[in-house]
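J.: turn this into a model:
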Amino acid sequence: MSVRAFYDELAPLYHLVYQDWETTVTRQGGALASLIGEHWGAGPHAVLDAALGIGTQALGLLARGFRVVGSDLSVGAVIRARHEAAVRSLPLVSLVADFQALPLRSSAFDVVLLCDNPLPHLDSEADIHGALAECFRCVRRGGGCLISMRDYQSPPPTGTVEVRPYGERLWAGRRYHLRQVWTWNGPRYDLSFEFTPAEGEGAEAIILKTSYLAIPVEHVAALMRSVGFAHVGRIDGRFFQPVLVGTRPAV
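T.: Here you go, the predicted model:
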């Protein structure tokens with residue numbers, strides 16, 4: 001399925017990826033607020049969350065007084081994020097858009113976020129370069145970009161299958177076993193999210209599929225520099241994935 005279709009189907013289930021999504025929203029919001037403050041100064045920054053998803057990062061930042069515009073390729077994800085913001089009385093501004101071509105003014109934001117590994121969904125390093133150039137366009141001088149992504153190592157042989165269990169989850173009154181299955185094909189891998197009913201639940205399995213490019217963090221850092229970001233650096237141990245930060249030069 002397309003990336004858009006994958007996230008449209010995943011939107012009502014996405015919170016199940018986390019053992020406790022509400023706690024995760026609070027924790028990630030705090031971690032991002034701290035990183036933003038350290039690199040671009042204190043204050044209620046204007047943030048573009050260009051991979052909004054169901055709002056896992058945006059909701060936490062909004063609760064801390066940040067002004068957030070969220071965009072996502074998936075209509076289903078944006079609808080879910082709007083609902084989650086509304087029930088919390090948080091002022092999320094959101095739109096459906098591809099982060100490779102954002103219908104937003106240049107230099108409009110203090111910080112652009114691309115969190116939870118969205119860039120490797122793209123087909124090539126050239127596509128990632130283009131997406132980063134779009135982030136550069138949208139951020140003001142002196143502002144920056146913050147990216148989180150998986151820490152990919154050398155790809156295993158083609159055909160290798162890796163299973164990553166999440167454990168049991170409860171959804172719509174039924175218990176499911178959740179796992180990811182990665183099937184490698186050179187530098188790319190196909191990913192399946194599998195929601196399998198626990199014994200006796202009498203529901204059908206839900207299997208959603210997408211793919212990723214296993215691009216190393218240091219390659220994305222180099223691409224950030226190539227589009228104009230300065231002071232690009234990697235930060236470990238502060239977020240659930242490695243973080244890259246880069247600043248648009250003030251002059």
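
J.: now do the lengthiest helix in the chain: distance to the chain's middle.
T.: Ranked by residue count under DSSP state H, the longest helix found in the chain is helix 21-40. The chain centroid and the centroid of helix 21-40 are separated by 14 Å under Cα atoms, centre = their mean, to the nearest Å.

J.: any buried residues in that helix, and which?
T.: For helix 21-40, the neighbour count (16 or more other Cβ atoms under 10 Å) marks Trp21, Thr24, Val25, Gln28, Gly29, Ala31, Leu32, Ala33, Leu35, Ile36, His39, Trp40 as buried. C-beta coordinates here come from the backbone N, C-alpha and C atoms, glycine included.

J.: check stretch 161-176 too.
T.: Those buried within stretch 161-176 under the rule 16+ other Cβ under 10 Å are Tyr166, Arg169, Tyr176.

J.: tell me the helix or strand right after the helix or strand where the last one lies.
T.: Assigned by DSSP states H and E, Tyr176 falls within strand 174-185. For strand 174-185, the succeeding helix or strand toward the C-terminus, using DSSP H and E, is strand 188-197.

J.: strands paired with whichever helix or strand comes after that next one, and their directions?
T.: Counting by DSSP H and E, the next helix or strand C-terminal to strand 188-197 is strand 206-213. Taking DSSP bridges as the criterion, strand 206-213 forms sheet pairs with strand 188-197 (antiparallel).

J.: for the record, mean pLDDT for the strand it pairs with?
T.: The average pLDDT within strand 188-197 is 96.

J.: mind listing what's buried in that strand?
T.: By neighbour count, with 16+ other Cβ under 10 Å as the criterion, the buried positions of strand 188-197 are Arg188, Tyr189, Leu191, Phe193, Glu194, Phe195, Thr196.

J.: from the chain's centroid, how far away is that strand?
T.: Distance of strand 188-197 from the chain centroid (Cα atoms, centre = their mean) equals 17 Å.

J.: identify all contacting residues around it.
T.: Contacts made with strand 188-197 from outside it, assessed by Cβ atoms under 8 Å, 6 or more residues apart in numbering, are listed as 10, 13, 16, 155, 169, 171, 174-183, 203-214.

J.: follow-up on the earlier one: what angle do strand 206-213 and the strand holding Tyr176 make with each other?
T.: For strand 174-185 against strand 206-213, the angle between stretch directions is 30 degrees (axes from the mean of the first three to the mean of the last three Cα atoms, to 10 degrees).
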